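1. what shape does this take:
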Amino acid sequence: MVTWREEAKRKAALAAVQHVKDDFVVGLGSGSTAAYVIEEIGRLIREDGIHVLGVPSSSQAMMVAVHSGVPLTTLDEHPVIDLDIDGADEVDGKLDMIKGGGGALTREKIVAHAAKQVVIVGDETKLVEKLGAFKVPVEALPFAFATVKAEIKKLGGKPFLRESKGKVGAVVTDNGNYILDVDFGFISDAEELNRQLKLVPGVIETGLFVRLADVVYLAKPDGIIKLEK
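-> All right, here's what the predicted structure looks like:
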């Protein structure tokens with residue numbers, strides 16, 4: 001049975017894919033909503049004959065792209081890309097976000113920074129007045145795990161090592177690192193918190209995506225909310 005939320009994700013994906021043009025290089029986000037985007041791009045390639053190259057932000061995105069028939073490329077070949085389409089765990093009215101629930105935050109942020117335009121998709125439950133109900137993912141070097149955890153506590157956060165549900169032990173990212181999910185409560189200044197976290201030795205990246213999104217499509221049962229810069 002298809003829930004309203006899954007149908008909403010498809011609607012948001014279809015709206016976002018309207019930004020894809022012939023001969024674009026597109027960043028392919030990770031997660032369930034981004035998977036709908038990749039599948040739709042594959043359909044456009046097959047049925048409309050457009051030429052698109054994808055830069056996957058995770059092994060999951062890469063596998064969906066291969067299955068959907070989307071040709072892949074790399075940032076080495078295209079350090080500047082036309083468009084990035086991705087999901088979010090939370091987004092506020094300023095279009096600042098928390099991302100990383102799927103563990104691909106570092107590559108997602110790299111791909112987003114490389115894009116001329118960043119489009120975010122999701123359902124209306126992702127829209128919040130203030131970020132922080134969703135814990136902030138922080139990717140850290142395993143070697144520095146204990147010291148990173150201690151420094152995060154000094155910043156007022158409550159860090160929890162993300163553990164795998166499919167195997168014993170920690171979740172390991174595509175980059176070979178650990179993820180700490182950090183409860184900071186509601187966040188008054190996401191940009192400053194991101195800066196402070198990035199200064200901690202051993203922190204690779206944070207799930208605070210500040211001033212990156214250009215357009216956000218959030219689907220409701222009866223339509224789509226469009227937010228723009």
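2. measure stretch 113-132 end to end?
-> End-to-end distance for stretch 113-132, by Cα to Cα, to the nearest Å: 23 Å.
3. again, but for stretch 173-185
-> Terminal residues of stretch 173-185 are spaced 25 Å apart (Cα to Cα).
4. now do that stretch: distance to the chain's middle.
-> Its chain's average C-alpha position is 14 Å from that of stretch 173-185, according to Cα atoms, centre = their mean, to the nearest Å.
5. go through that stretch and flag the buried ones.
-> Within stretch 173-185, the residues that count as buried by 16 or more other Cβ atoms under 10 Å are 173-174, 177-182, 184. For the C-beta atoms, the positions are set from N, CA and C on the backbone; glycine is no exception.
6. okay, those residues in TSV with pLDDT, secondary structure and distance to D86 next?
-> TSV is the format used below for these (pLDDT from 0 to 100; DSSP: H, G, I helix; E, B strand; the rest coil; distance: Cβ to Cβ, whole Å):
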residue	pLDDT	secondary structure	distance to D86
T173	95	coil	16
D174	95	coil	15
N177	97	coil	20
Y178	97	strand	22
I179	98	strand	17
L180	98	strand	21
D181	98	strand	19
V182	98	strand	21
F184	98	coil	22
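7. name the nearest of those relative to Q196.
-> Using Cβ to Cβ, F184 comes nearest to Q196 of the buried residues of stretch 173-185, at 10.5 Å.
8. how about that closest one, nearest residue that isn't a chain neighbour?
-> Distance criterion Cβ to Cβ, 6 or more residues apart in numbering; nearest residue to F184, sequence neighbours excluded, is G157 at 4.9 Å.
9. so the one you found makes contact with V136?
-> Yes: using Cβ atoms under 8 Å, G157 is in contact with V136, at 7.4 Å.
10. what sits in contact with each of those two?
-> By Cβ atoms under 8 Å, 6 or more residues apart in numbering, G157 and V136 have these common neighbours: 182-184.
11. looking at G157 and V136, which one has more neighbours?
-> Taking neighbours as other Cβ atoms under 10 Å, G157 and V136 compare with V136 leading, 28 against 22.
12. the more buried one bridge partners, please.
-> Beta bridges link V136 to V182 when assigned by DSSP bridges.
13. contacting residues around V80?
-> Taking Cβ under 8 Å, 6+ apart as the test, what V80 contacts is 114-116.
14. show the buried residues in these.
-> Listed as buried from those are 114-115; burial here means 16+ other Cβ under 10 Å.
15. want to try TSV for the contacts of V80, with distance to D23 as columns?
-> Shown next, in TSV, are those (distance: Cβ to Cβ, whole Å):
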residue	distance to D23
A114	17
A115	15
K116	14
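16. in helices only, show me the contacts of V80.
-> Among the contacts of V80, the members falling in helices (DSSP state H) are A114.
17. now do the biggest helix by length in the chain, average pLDDT.
-> As assigned by DSSP H, the longest helix anywhere in the chain is helix 32-48. Averaging pLDDT along helix 32-48 yields 95.
18. pull out the buried positions in it.
-> Those would be 33-42, 45, for helix 32-48 by 16+ other Cβ under 10 Å.
19. and the angle from the helix or strand just after it to helix 32-48?
-> The helix or strand immediately downstream of helix 32-48 is strand 52-56, counting by DSSP states H and E. Calculated by axes from the mean of the first three to the mean of the last three Cα atoms, to 10 degrees, strand 52-56 forms an angle of 160 degrees with helix 32-48.
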